[in-house]
Each structure stands twice: as structure tokens, then as C-alpha cells.
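[1] fold the following.
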Amino acid sequence: MKTLSILLAMLFVGAVSSSAQKRGIFPVRMDKVFYYDSIPNPIVDSGGIWTHGFSQKSWLKPDTGTKQVWITDTVNLLTGKKLSHLDFAFPYPERQADNYHISIKHKFDFDSLSGGSIFISTDGGEKYYPIWSDTGYFSPNWWHQGLYEKSNLLFNGEAGFSGKSNNWVQTELNFTYFILVKKPELRPIAIRFVYQASDSSKAHEGWMIEEVKLGREYRNGAVSDVIAENPLRLYPNPTSTELHINTPENGYLRFMNQQGEVIWQDACLAGEQQLNLPTLSNGLYYVEFVSDRHQFTNKIVIQNP
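    The predicted structure follows:
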């Protein structure tokens, strides 16, 4: 049964890929993709090179003035043997088979013995795969731009970014996510950025990431039905047990923690309304609104007195 599911998934993706190649254009209109926000505090490994702050480097400068970015050291140039990764986790997919879109805005300066690569996990971070791979659950090969080629190998033979970018790089990747028979549960998607260097003696600035977004393709209704800006309004923020919310139409809300786990959900009506929240621990949560036509996500901070 699992083998049959994988074959059906491959046939479906192949058909989409062939159609997209015939058109010669991006197969999903960008104004039909709804983006989730990235988690502001990703998990960083023990390498301790990735930091969040204000860059003081000459090349790796943020694109928007004094904006804080994720960067491999905010001040010092990098040399020597290093390995460090940065993980962003997103709420689990809404549907069992759907098209998703990754958007990354970044800039890099590597030498011949250093570089960066991207991995993805569809099981909440248990296993990571190169972003090029097709695992049966994750089929990414039908559209991308601004991503390294498979033949662009780093010092260890792994594909990745190397050299120095001309300027900002906008990396986009479309993929289809399948839930197969033996794995029916929905799990958070995680994106991992791996910086590595092998005894590099030439000083380099490293890698800077300004934006990471994960979106789901909207395929119901006309393009004119799509709301360009996120209309989900929440206040007060921070809050404790009371929340006012304004939604564009009837649907339902769900609260998720930073691991993408749903901790509370309820139906809601269009317009402004007051919600009485269950007792939640202090911290950052994601509030997702879903209807037949739209899906939006916003952040809320719970701060109990």
C-alpha cells in the first residue's frame, strides 16, 4: 500500500512538472501563495556560530537599514574548521497533499573551503534531507529559482552555496507534501541552514539570512478573491485570557505553540469578536485562521499577570 501511494505521488508530481515545463513559467502565481511567518527564535546547534542581531560586517549588511538578521557571527570574520546549523520550524501542513512554497532572502561570502546548504524535515525535525531530495513525502523537483545546482559541490561533496553572491539572493522552491498510508499524522515542517568550513585559512564573512517564509498555494476561487495583506487582527497583544479578533469571513481558529502543535481551536464568525482563551503558559503562540477560501497566520504573546 505504501509503495502504491509513493508511485501515485510520483505520477502526480511528474504530471505537474511536465505541464509547468511546457508553459515555461512559474506554475503557481505568487499572489496565490499564503505565507506563514518564520519562528523568531530558531533552534541553533552547539556550534554557536549563528546569531541574531545587527550585522557589523562590510558585505553582509541588512537590506532594510538597521534590521536584525540571522548571520554567522555579527562582527568577526570566519576562519578554521566550523559546523553550525540554524533551524526554522513552521506549523504542520493544513492538508494531506498540497503544494507549498519556500521563500528565502539571503546573502553570502564563502571561500573555497566553506559553504552553506539547505535541508528540510517533514516530521518535526526527526530527520533532515537535502532540499533536492525526493523522500516520497516531499517532492521538490518541479520548480525552483536562486537555488544552488546539484553539481555545485562543497569541499565535502555535498551540494550547496559557495563563493560570493553578487548581491541579495532570492531563493524560491515549490514542492508537494504527501502524507502516506503509514504516516497519517501531520507534522511540522522544518528548514535547516548548515554552514560548514574545512580548516579554512582565508577569512570570509559567511552567510546572512534576512527572511525565511513557508507558504501554501491557494487554489480555490479566482485570483481576485485573494486578500493581498493579512487581515487577521488580534488585540490586546500581549494578553492573558481575553483576546479580541477580527476575521474576514466565517471559519475556524487554532492556537499552536512554537513546535507547531495545536493546543486549542474553535469556530469563529466573520467580523470582530471576543474570545475567552484557555489557561496557557507564557510565551509566543501562532493563531491560524482557516476558511474555505483563505488561510492566515498571526502571532500572539501570552503574558499572565
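
[2] what's the helix or strand for the residue nearest to Glu158 when sequence neighbours are not counted?
    Closest residue to Glu158 apart from its sequence neighbours, by C-beta to C-beta, 6 or more residues apart in numbering: Ser117 at 5.7 Å. (Each C-beta comes from the backbone N, C-alpha and C, glycine too.) Assigned by DSSP states H and E, Ser117 falls within strand 114-121.

[3] that strand packs against which elements?
    Counting contacts by 3 or more C-beta pairs under 8 Å, 6 or more residues apart in numbering; DSSP states H and E, strand 114-121 is packed against strand 97-109, strand 129-130, strand 189-204.

[4] same list, those, but as a markdown table with distance to Phe289 and mean neighbour count please.
    Formatted as a markdown table, those follow (distance: least, C-beta to C-beta, whole Å; neighbours: other C-beta atoms under 10 Å):
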| stretch | distance to Phe289 | mean neighbour count |
| --- | --- | --- |
| strand 97-109 | 17 | 21 |
| strand 129-130 | 31 | 16 |
| strand 189-204 | 19 | 20 |
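
[5] of all the ones you listed, which one comes closest to Val75?
    strand 189-204 (12.6 Å; C-beta to C-beta).

[6] which other residues reach stretch 236-253?
    Residues from elsewhere that reach stretch 236-253 (C-beta atoms under 8 Å, 6 or more residues apart in numbering): 227, 231-235, 265-277, 279, 287-294, 299-305.

[7] any regions of the protein where pLDDT drops low?
    Counting by pLDDT under 70, the chain contains low-confidence ranges at 1-34, 36-41, 64-65, 92-98, 141-142, 179-186, 217-230, 258-260, 292-295.

[8] centroid-nearest residue for it?
    Nearest to the mean C-alpha position of the chain, by C-alpha atoms, centre = their mean, lies Leu214 at 3.7 Å.

[9] so that residue is in which element?
    Short version, using DSSP H and E: Leu214 is in strand 206-217.

[10] and the very next helix or strand once past that strand, what does it pack against?
    Following strand 206-217 in sequence order, the next helix or strand is strand 233-235 (DSSP H and E). Other helices and strands packing on strand 233-235, by 3+ C-beta pairs under 8 Å, 6+ apart, are strand 242-247, strand 295-302.
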